Structures are given as structure tokens and as C-alpha cells.
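Novice: Here is a sequence together with a model predicted from it:
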Amino acid sequence: MTDAGPQAQRFWLNGQATESLPLPSRGFDFGDGLFETLRLSQGRLLLLEAHLARLADGLSRLKIPDCLPTSRSCLISAAAELSAASIAHATLRLTVARGATGRGYRPDPLTEPLLLIAATPLASPAWPPEAAPLSLATSAVRLASQPALVGIKHLNRLEQVLLAADAMEQGVDDVAAQDQAGLVVSVGKGNLFLVEGSSVVTPAINDCGIRGTVREYLLTTVLPGLSVACSEDKVSLDRLLGADEVFCTNSLWGVVPVGQFLDRRWSSHPMSDTLRAELARQTP
Ligand SMILES: Cc1ncc(COP(=O)(O)O)c(C=O)c1O
């Protein structure tokens, strides 16, 4: 196991501390499952209900037996164990893999899913006031259209792996992920927002992309609470380049400003500064 930071990673399988996985695994064989990555900050699991709501959507769409109550209790007891071990800040990744079957794709609707939690301790609390702006480029890798899987956080993440490799090769932090029509959907590791005048716009997630928990929280709670108009819309590369400010979101970053996209630069980020402060103040 590699050094994961200040302290080593910990794992729980169906609520029991573990160091290994049972085989066979449909998660391993087919990517047949879902995951959620949560931030533990000062002992609190941020946006827990939003993560569980997206997980519930994924379970019902993939027809995996409902394991929401167990997922909730496993996450809460892992967080409690970490707090008892004086680990106040961490990421907790919950992986729900469909229960093992015989050979072949056909799922068994009755087999209980497997729940794995991996906790990685971190040195600092979530979403501090300062965040280094991201640099972005474009990528030739386009997201595939799949309405049956849109929005949920399923285990198949090869597109994001290709996007991350592309960003690495180009020497940037991330790339703008475009769909087959060339519209911008997100970045590789999170959702994307544009500030246009006094309004905020985020790409509509209709055919591909993940409906991020931070994205939903901004759209439904934080932005309306600040009386900032916000909407979901089509975003072209030109529209992105013309934005007054751009920022990205995910559960690890919270809100992080974009400082550069191709040869466009943004040097001040008043909206992302405000939203970071609001998230630090009010995130449940
Ligand atoms: C591709 C992608 N889109 C969006 C998100 C944002 O989701 P959340 O805000 O729930 O972390 C993530 C998070 O990892 C992601 O990998």
C-alpha cells in the first residue's frame, strides 16, 4: 500500500475493517456499480444527504438491490471510527458493487451488493478560503452520449482517465470535457460554471456527465440564497471563452476558480470567492 498522506488509508467492507476484497467481483469485472467520494471535515460528512440521493438514483437505475440504509450507516460509523482515531479530515470513498454472480453479464437481482469504504486521511479541513486557480485546455477525447447513465456516478470512468492523461500530457490541471456535438459538459474531474454579468450558468447534463453534489447544492440552495440568477444551458467553447469568470466544483475542491483556458486568462474571481466562503459557512 502506498503512503496516502499524513496517515495510511483505511478500508471497511460491509462495515468491517478489511485489507482485501472477496472475488469474483462484478465491480472489478464489469465496472458494475457506483461510487461516491465524500469529504470528512471536522468530523462531519459534507453533503451526506446529497451523496445518498445520487446513490439512490444510481441504485434504482442500475437495478441494484436497495442498500441505502446500510450505505448510510457504514459511512457514519467509518466517520465515527476516524474521529475516534483523531482523524478529523479525510476523503471517504464508498464503492457499491453489484453482488457476485456466475460468469457472464446477467445480473442476479437478489444478490446483496458489496459496500467498500476507503478513507484517505488529509492534513487540512475541506474547502479553505484560498484555492489556486486551475489551468484548462481542450481535449480530443469526447464524452459518449448515454441517457441511461447520465448524471449518476457509476464505476466506468475510462473517459475521465483519458481526460486526466490528456491534461497531464498538456501540462494543465484539467480539460474542458466536450460531448459529441462539441458542447462543453464539465471538466474531467468536476462540474463547470460560467459567470456572465450577474448570472451564473452551468452546462445542462442531459446526455452525458455527472450531476455533482456541489453543483446541485449551488443551484438549489447557495445561489438562490444569494439572489444570484442561475440556469443550466448549452455551453459552447466560444461561450466559455467569453465568460466573465469560470469556476469548477466537486466534493474535494468545493469551488475552485479557473485562471486560464487556452489563451484566455481570468485574474479575479469574485463569484468563486463568495461561493467558497458561503460553502464554508453553510454546507450541511
Ligand atoms: C466527472 C465528474 N463530474 C462531476 C463531479 C462532481 O461531483 P461531486 O460534486 O458530487 O463531487 C465529479 C466528482 O468527482 C466528477 O468526477
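Specialist: Okay, I see it.
Novice: Is residue 30 in contact with residue 105, as I believe?
Specialist: Yes: Residue 30 sits in contact with residue 105 when judged by C-beta atoms under 8 Å, with a separation of 6.7 Å. C-beta coordinates here come from the backbone N, C-alpha and C atoms, glycine included.
Novice: what residues are up against the nearest residue to residue 170 once chain neighbours are set aside?
Specialist: Setting aside the residues directly before and after it, residue 170 is nearest to residue 137 in space (C-beta to C-beta, 6 or more residues apart in numbering), at 4.8 Å. Shown in contact with residue 137 (C-beta atoms under 8 Å, 6 or more residues apart in numbering): 166-167, 170, 172, 175-176, 261-262.
Novice: now swap in residue 101 and tell me
Specialist: So residue 101 contacts 26, 107-108, 111 (C-beta under 8 Å, 6+ apart).
Novice: Buried subset of those, written for ChimeraX?
Specialist: A single ChimeraX command is used to select the members of these judged buried by 16 or more other C-beta atoms under 10 Å:
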select :26,107
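Novice: Export the contacts of residue 101 to TSV and append columns for secondary structure.
Specialist: Formatted as TSV, the contacts of residue 101 follow (DSSP: H, G, I helix; E, B strand; the rest coil):
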residue	secondary structure
26	helix
107	coil
108	coil
111	coil
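Novice: can you put the contacts of residue 101 in JSON lines and add distance to the ligand and pLDDT?
Specialist: Formatted as JSON lines, the contacts of residue 101 follow (distance: C-beta to the nearest ligand atom, whole Å; pLDDT from 0 to 100):
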{"residue": "26", "distance to the ligand": "21", "pLDDT": "95"}
{"residue": "107", "distance to the ligand": "24", "pLDDT": "92"}
{"residue": "108", "distance to the ligand": "29", "pLDDT": "90"}
{"residue": "111", "distance to the ligand": "27", "pLDDT": "91"}
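Novice: residues contacting the closest residue to the ligand within the chain?
Specialist: Proximity of the chain to the ligand (C-beta to the nearest ligand atom) peaks at residue 212, 2.8 Å away. Counting by C-beta under 8 Å, 6+ apart, residue 212 touches 186, 190-191, 249-251.
Novice: Wasn't residue 227 part of a helix?
Specialist: No: with three-state DSSP as the criterion, residue 227 is located in coil rather than a helix.
Novice: Kindly list the main-chain dihedrals of it?
Specialist: phi 60, psi 40 (degrees, to the nearest 10).
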